[in-house]
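1. Return a 3D structure for these sequence lines:
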Amino acid sequence: MDSNVEDLSSSLKEFGKKMSALSSILEKFGLDIITKMGQTNLKITQLTDRVDDLNKATIDIKGLIPQLSNVIENQKLLEDELNLIKSLIMNITSPHSKKPEVENTIERDESATDKKDQIITQLNELKANLENTDDPQDVKPILEKIKEEIFEFTGGHRMLYEISQTITILDSANSLNDLIDDDEQTPKSLKKHLENKITFWINKLMVKD
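-> This next block holds a predicted model:
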């Protein structure tokens, strides 16, 4: 009887030791799991922060795109102005710019007259066709071509700068019906502004020899 009790007691103690060992193992395993989960959560948080930073950087870059476009447009406008100033200076300093003093009647340069008439015709056609279009991109290439021909005809003129400004406005406009602010107090449509400018340029060319 006593022997059985001692065996049972010994078995219970051994079982208790094994349970303690098992508990220790499970506790360590649980701590490892908790640690790993904590590390995983930390990495996820870090990755989330990096994604947020990347989104913010992307938004900032997208926000800079319109400013960059303005810089490019302003640079192009500045280049046009510098080219105009350069052409005016060359035209003034050129020895051919001075008209020879002769008593005889100077023959008219028929080719120059034809060129002027051709430009005026193109301006009138552009003005007439404005009624049939609202897309600024339809007008831009025509105006650029007329600008080149005016430069060839005049060698440099104030209206070239005005045409460059108008082309810049066309670049950023969605429609010829967009309202713009010009020298007048009441805003007018881009189409009306362009019609007035074309009339002004034609008058300038009419008095240009």
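2. Assign the closest residue to residue 191 other than its chain neighbours to helix, strand or coil.
-> Spatial nearest neighbour of residue 191, chain neighbours left out: residue 176 (4.0 Å); criterion: C-beta to C-beta, 6 or more residues apart in numbering. C-beta here means a position set from N, CA and C on the backbone, and glycine is covered the same way. Secondary structure for residue 176, judged by DSSP: H, G, I helix; E, B strand; the rest coil, is coil.
3. how near is residue 176 to residue 136?
-> 6 Å (C-beta to C-beta, to the nearest Å).
4. Mutual contacts of the two, please.
-> Taking C-beta atoms under 8 Å, 6 or more residues apart in numbering as the contact rule, residue 176 and residue 136 both touch residue 190.
5. Wait, the residue nearest to residue 191 touches residue 129, no?
-> No - using C-beta atoms under 8 Å, residue 176 is not in contact with residue 129, being 11.0 Å away.
6. Look at those two and report which has more neighbours.
-> residue 176 (21 against 12; other C-beta atoms under 10 Å).
7. how's the chain carved up into domains?
-> 1-72, 109-206 (automatic domain parsing).
8. Quick one: closest of these to residue 89.
-> Across the domains of the chain, residue 89 has its closest neighbour in domain 109-206 (8.2 Å, C-beta to C-beta).
9. And the closest one, how far out from the chain middle?
-> 23 Å (C-alpha atoms, centre = their mean, to the nearest Å).
10. What average pLDDT does it get?
-> The pLDDT scores in domain 109-206 average 85.
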